[in-house]
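Q: Fold the following.
(2 chains)
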There are 2 protein chains.
Amino acid sequence: MIGVANFVPRAKLCLAILLLVAGQAFAQGDPLPSWNEGAAKKAIVEFVQVTTTQGNAQFVPPEERIAAFDQDGTLWVEHPIYTQVMYVLERVPALVKAKPELAKVAPYSTVLELLRGDRGAMEKLTEADLFKLLAATSTGMPVEVFQTEAKKWIAEAKDPRWKKPYTELTYLPMQEVLKYLRANGYRTYIVTGGGQDFVRVYAEQTYGIPPEQVVGTAGGTTYGYAKDGKPFLTKDPKLLLNNNNAGKPEGIHLMIGRRPYAAFGNSTGDRQMLEYTRAGNGARLAMLVLHDDARREYAYGPAQGLPATKVGAFTQAVYDEAKKKGWTVISMKDDWKKIFAFE
Amino acid sequence: MIGVANFVPRAKLCLAILLLVAGQAFAQGDPLPSWNEGAAKKAIVEFVQVTTTQGNAQFVPPEERIAAFDQDGTLWVEHPIYTQVMYVLERVPALVKAKPELAKVAPYSTVLELLRGDRGAMEKLTEADLFKLLAATSTGMPVEVFQTEAKKWIAEAKDPRWKKPYTELTYLPMQEVLKYLRANGYRTYIVTGGGQDFVRVYAEQTYGIPPEQVVGTAGGTTYGYAKDGKPFLTKDPKLLLNNNNAGKPEGIHLMIGRRPYAAFGNSTGDRQMLEYTRAGNGARLAMLVLHDDARREYAYGPAQGLPATKVGAFTQAVYDEAKKKGWTVISMKDDWKKIFAFE
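A: Alright, predicted model coming up:
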């Protein structure tokens, strides 16, 4: 029989038992089962241990525990074409249907050739073309319309190699890192060169990362009123934040206002974020994913004589910086037991 | 004797008891003790009840629980001069000391007159002057230098009327609302026209609001390297986000990416944020603080024949919109039992 008067001490005992149970469960399981034993796994586990153990000189208070993850090539496949670029290209037919005169105008005509199977057409598209297509397909509409369109596409589109939704092409070992850090009080942020509004559409379901923890390349919006007086936001083509290279630490300061303790990237565009993270006091983890597994994923990048490609690789200079400054390179081939959950 | 095998069912029983204890403690205490009974208090309590009760048609999933608070005039005193403007003005002597030729140049000379006690000098400062002073005192230095200077000032500066640090001039009833919402799973954001970097310096200690939950008027930063190779961010005078009026919902979309369920303001600059909040589906709370207590704080604004002032009041049009659209006006005089914790 438990009287009301017994509730409080009883609750304290219960709390102690719960903490004990939780502690045991944690101690028993490997938080990173898809990782092979090695320097990369060791670096992650040691970082978590020293920064979350009370009394350790490198202990980090829970409110300061921030970890930043690049997305393309770090959390999911980016090769041979970024997923968001696929989205933009596949929106073009609808655009041309609405305005048929575009069918004969570059870059729209080039995209139509590409979608008809002419893979060489991709080479013709310049970065300026891609920005033009991005503005044409992803701005000028209310925020909610963009979200609905992008959500529908991401639910239906499939990667041509694996014939699976792009959201299943996330790296299982990195999903484990996200969960392991969160279980230890870290707030995990995506800090991506991709479009902030695009990534926010699926980040919560795909990575457990809520919209407010997605920092990406962002345009402005304009507040206005519909005919019925209801206010809404329209997506502008005006660029506010180019979240690549130096834009990554600048975006982190704007959106988070704290320096991360851990950062993960895979390309030259992540260099400044990793530098900025490592330049803080105490234990700071900086990791670079190396795409060296042509069989299970792709092989590209400078190390081991791999050919560089247009997409996302880090350069020899960044690889050298990593080695010199004590960043940890993650070899997909050697460090990851499994790459995808569906394997 | 408790065997290891008993831990899990035992833990479940314990959890149930803990929840019961927590529920009872909650039901027993008034979460808003500094509020008089009335429409405003009732609106807050009912909002929390319907949005956090499982099974209620207006239940809001925890991840979507966002509440947005204007700062100046809503969470703390803004009259007769915004605290950040005081900061900017009081940085001017150090600026003049470093560059003596500024002493004879407006607007620096005007500020020096003002600081010598010529209160009329304030009238001479235009908005353009204030932006110039803001740029001169708050940009061009590394982020950390700004933070150190602002933190030092906020710890030492005192409001001339109460002779207390500005951070003690927060409204106790609003502090209770912040805590009450957080206790019910809401993440509380400051959405201020004030400088994002400035407010972030003290928001965590003053309101329990971490830097990443402060959305404010923000300039850019520039990533660069010190002579020793260490990277750092320099504050730029370039404006990225003017977080007033339409800038508030635009800033909310940029920084949070979700529409708030509750918003609190006190001036015309908050109108669009309140409209945007109320335009969402389900239960949405929009509240306007009316400064109608000349004895305990200040009286300004359009209602009840109070004189409008340069600082922060809402206009008659916003007051009328509030009444028409079902926003709740909070009367400081009638709704708040206590205004400051030190009373």
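
Q: use CA for all of it now, contacts and neighbours both
A: Fine.

Q: Give me the below-cutoff pLDDT ranges for the stretch 201-343 of chain A.
A: Along the stretch 201-343 of chain A, the parts satisfying pLDDT under 70 run over A:303-312.

Q: interface residues of it facing chain B?
A: Proximity of the stretch 201-343 of chain A to chain B, by CA under 8 Å from any CA of the partner chain, involves residues A:210-213, A:218, A:220-223, A:230-233, A:240, A:246-247, A:249-250, A:254-258, A:275-276, A:279.

Q: Buried among these? Need that as a selection in PyMOL.
A: In PyMOL, this line selects whichever of those come out buried by 16 or more other CA atoms under 10 Å in any protein chain shown:
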select buried, chain A and resi 210+211+212+213+218+220+221+222+223+231+232+233+240+246+247+249+250+254+255+256+257+258+275+276+279
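
Q: residue closest to the middle of chain A?
A: Nearest residue to the geometric centre of chain A (CA atoms, centre = their mean): A:Q71, 2.3 Å.

Q: Next up, the contacts around the closest residue in space to that residue that isn't next to it in sequence.
A: Spatially, and ignoring its direct neighbours in sequence, A:Q71 is nearest to A:T192 (5.5 Å; CA to CA, 6 or more residues apart in numbering or on different chains). By CA atoms under 8 Å, 6 or more residues apart in numbering or on different chains, A:T192 lies in contact with A:F69, A:D70, A:Q71, A:D72, A:V214, A:V215, A:G216, A:T217, A:N243, A:N244, A:K248.

Q: average model confidence for the helix or strand containing A:T192?
A: For A:T192, the element it lies in under DSSP states H and E is strand A:187-195. For strand A:187-195, mean pLDDT rounds to 98.

Q: immediately after that strand, which helix or strand?
A: Next element after strand A:187-195 (DSSP H and E): helix A:196-207.

Q: which residues are contacting that next one?
A: A:84, A:147, A:150-151, A:154, A:167, A:175, A:178, A:209-211, A:214-218, B:257.

Q: could you pull out the strands for chain A?
A: A:66-69, A:187-195, A:214-225, A:231-241, A:262-265, A:285-290, A:328-331 (DSSP state E).

Q: just checking, A:Y108 touches A:V92?
A: Yes. The pair A:Y108 / A:V92 is scored as a contact, 6.8 Å apart, by CA atoms under 8 Å.

Q: Identify the contacts common to the two.
A: Residues touching both A:Y108 and A:V92 (CA under 8 Å, 6+ apart): A:L133.

Q: what separates A:I190 from A:T268, distance-wise?
A: A:I190 sits 17 Å away from A:T268, going by CA to CA, to the nearest Å.

Q: Between those two, which is the more surrounded one?
A: Neighbours per residue, other CA atoms under 10 Å in any protein chain shown: of A:I190 and A:T268, the larger number sits with A:I190, 27 against 19.

Q: what bridges to the more buried one?
A: Counting by DSSP bridges, A:I190 forms beta bridges with A:F69, A:V214.

Q: One more: A:L239?
A: The partner list for A:L239 in beta bridges (DSSP bridges) reads A:G219.

Q: what about it, neighbour count?
A: Neighbours of A:L239 under the rule other CA under 10 Å: 12.

Q: show me what contacts it?
A: A:T217, A:A218, A:G219, A:G220.

Q: need the contact list for the nearest residue to A:T234 once chain neighbours are set aside.
A: Take A:T234 and drop its neighbours on the chain: the residue closest to it by CA to CA, 6+ apart is A:P142, 4.2 Å away. By CA under 8 Å, 6+ apart, the contact set of A:P142 is A:F232, A:L233, A:T234, A:K235.

Q: where does A:P142 land on pLDDT?
A: At A:P142, pLDDT is 98.

Q: The closest residue to A:G185 other than its chain neighbours: what's it in contact with?
A: Residue nearest to A:G185 in three dimensions, not counting chain neighbours: A:P62, with 5.8 Å by CA to CA, 6+ apart. Contact analysis of A:P62 by CA under 8 Å, 6+ apart lists A:T52, A:G185, A:Y186.

Q: Now, of the residues you listed, which are buried?
A: A:T52, A:G185, A:Y186.

Q: Run a quick neighbour tally on the nearest residue to the last one once chain neighbours are set aside.
A: If the residues on either side of it in the chain are set aside, A:Y186 comes closest to A:R65, at 4.6 Å by CA to CA, 6+ apart. For A:R65, the number of neighbouring residues by other CA under 10 Å comes to 22.

Q: Surely A:R65 is in contact with A:Y261?
A: Yes. Between A:R65 and A:Y261 there is a contact at 6.5 Å, judged by CA under 8 Å.

Q: Find the residues that touch each one of these two.
A: Jointly contacting A:R65 and A:Y261 under the rule CA under 8 Å, 6+ apart is no residue at all.

Q: Would you quantify the distance from A:K164 to chain B?
A: Applying CA to the nearest CA, to the nearest Å, the value for A:K164 to chain B is 28 Å.

Q: In contact with that residue, which residues?
A: A:K164 touches A:K158, counting by CA under 8 Å, 6+ apart.

Q: State the phi and psi torsions of it.
A: phi -130, psi 160 (degrees, to the nearest 10).
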